[in-house]
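Q: Turn this into a model:
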Amino acid sequence: MDAIGMNEAKQILREANIGSVVNCIGISITILSSKKDCNGCLFRTEDKANSCRFRESCFAHKRPDRESVIFKSK
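A: Here you go, the predicted structure:
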């Protein structure tokens, strides 16, 4: 992880607009709209959202824009 902490990274990802690219945790990440769970997400785990440490950043009910998203490396 780069100079920012995990909580700050989660907040940056949660507040990023769909279509934007953010530099977070040492990589460029594109925020994309999602209609089908975690498929295609950079942070997808075998257990999907149940064990994902970034799930607070992608769920519609947790995001200010109320949109579900996935994260892709640029």
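
Q: and stretch 7-17, how far out from the chain's middle?
A: 7 Å (CA atoms, centre = their mean, to the nearest Å).

Q: Return the alpha-carbon coordinates of that stretch using PDB.
A: Presented in PDB, the C-alpha positions along stretch 7-17 are these (Å, rounded to 0.1, in the frame of the first residue of the first chain):
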ATOM      1  CA  ASN A   7      -9.600   3.800   5.500                       C
ATOM      2  CA  GLU A   8      -8.600   6.700   3.400                       C
ATOM      3  CA  ALA A   9      -8.300   4.400   0.300                       C
ATOM      4  CA  LYS A  10     -11.900   3.100   1.000                       C
ATOM      5  CA  GLN A  11     -13.200   6.700   1.300                       C
ATOM      6  CA  ILE A  12     -11.500   7.800  -2.000                       C
ATOM      7  CA  LEU A  13     -13.000   4.800  -3.800                       C
ATOM      8  CA  ARG A  14     -16.400   5.300  -2.200                       C
ATOM      9  CA  GLU A  15     -16.600   9.000  -3.200                       C
ATOM     10  CA  ALA A  16     -15.100   8.600  -6.800                       C
ATOM     11  CA  ASN A  17     -17.500   9.200  -9.600                       C
END
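
Q: Give me the buried positions along that stretch.
A: 9-10, 12-14, 16 (16 or more other CB atoms under 10 Å). Any C-beta I mention is one placed from the backbone N, CA and C, and that applies to glycine too.

Q: what do you get for stretch 36-46?
A: In stretch 36-46, counting by 16+ other CB under 10 Å, buried: 38, 41, 43-44.

Q: again, but for stretch 61-70
A: Quick answer for stretch 61-70 (16+ other CB under 10 Å): 63, 68-70.

Q: burial measure for C24, as a count.
A: 21 (other CB atoms under 10 Å).

Q: For this protein, which segments count as helices?
A: 6-15, 55-58 (DSSP state H).

Q: just to revisit the earlier point, mind giving me CSV with the buried residues of stretch 61-70 and columns for distance to S33?
A: Converted to CSV, these look like this (distance: CB to CB, whole Å):
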residue, distance to S33
R63, 11
S68, 7
V69, 6
I70, 8
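
Q: Which member of these is positioned nearest I27?
A: The closest of the buried residues of stretch 61-70 to I27 turns out to be I70 (CB to CB; 14.5 Å).
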